[in-house]
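Q: Sequence and predicted model, in that order:
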Amino acid sequence: MAEVGYSVPKVSGEPSPDTASANRVSVTLWEAGQPREVEAYEGESLMVALKRAGLPLLAVCGGQGACGTCKVAFPPEWADRLSAPEKRELRLLTHLKSVEGERLSCRITLSAALVGLEVDACE
């Protein structure tokens, strides 16, 4: 039987050469009511930044927006500033019975417009 594989994004404590020259984006991760600054860069997905910071997101599908294991929540003021989710993400969030303000972190591309972003780890 052939194995089904997928590509998992490289995640380490050091930025990749692509992100090393990119502009930093400040992201605050809230875990159990405590804020923590996360190293993040323009052009990378929020999921990659959160995994590099040690958040235990499974990201089973490797960041393809197909599994829902990288779901995070945003305060209302940030949820309104994110780009609208695409149909595929909306279908998956509906299937997962997500509440308003929850998104897949793999579908959020960090940019200068998201400097200061606050995100809550979903339990």
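A: Now that the structure is in, tell me what you want to look at.
Q: Give me the pLDDT for the residue nearest to the spatial centre of the chain.
A: In the chain, the C-alpha closest to the average C-alpha coordinate belongs to S105, at a distance of 2.3 Å (Cα atoms, centre = their mean). Per-residue confidence for S105 comes out at a pLDDT of 98.
Q: these two touch, right, it and L57?
A: Yes. Using Cβ atoms under 8 Å, S105 is in contact with L57, at 6.7 Å. In this view, the C-beta of every residue, glycine as well, is placed from N, C-alpha and C.
Q: quick one: the residue nearest to the centre of the chain and L93, what's the gap?
A: Taking Cβ to Cβ, to the nearest Å as the measure, S105 and L93 are separated by 12 Å.
Q: do P56 as well
A: For P56, the distance to L93 under the criterion Cβ to Cβ works out to 20 Å.
Q: So those two - more neighbours on which side?
A: Legend: neighbour count by other Cβ atoms under 10 Å for P56 and L93, higher for L93 (19 against 9).
Q: ok, A53 - contacts?
A: When contacts are counted by Cβ atoms under 8 Å, 6 or more residues apart in numbering, A53 touches L29, R36, V38, E39.
Q: Just the helices from this protein, written as ranges.
A: Under the criterion DSSP state H, the chain carries helices at the ranges 17-20, 46-52, 76-79, 87-95.
Q: ranking those helices by burial, who's on top?
A: Most buried of those, by mean neighbour count (mean count of other Cβ atoms under 10 Å): helix 46-52, with a mean of 25.
Q: May I have it as CSV, with CA atoms only?
A: The C-alpha coordinates for helix 46-52 follow below in CSV (Å, rounded to 0.1, in the frame of the first residue of the first chain):
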residue,chain,number,x,y,z
LEU,A,46,0.4,33.0,11.1
MET,A,47,0.5,29.2,11.6
VAL,A,48,4.2,29.1,10.8
ALA,A,49,5.0,31.9,13.3
LEU,A,50,2.8,30.3,16.0
LYS,A,51,4.4,26.9,15.5
ARG,A,52,7.9,28.4,15.6
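Q: Mind giving me the packing neighbours of that helix?
A: Helices and strands touching helix 46-52, as assessed by 3 or more Cβ pairs under 8 Å, 6 or more residues apart in numbering; DSSP states H and E, comprise strand 27-31, strand 34-38, strand 117-121.
Q: Thanks a lot, catch you later.
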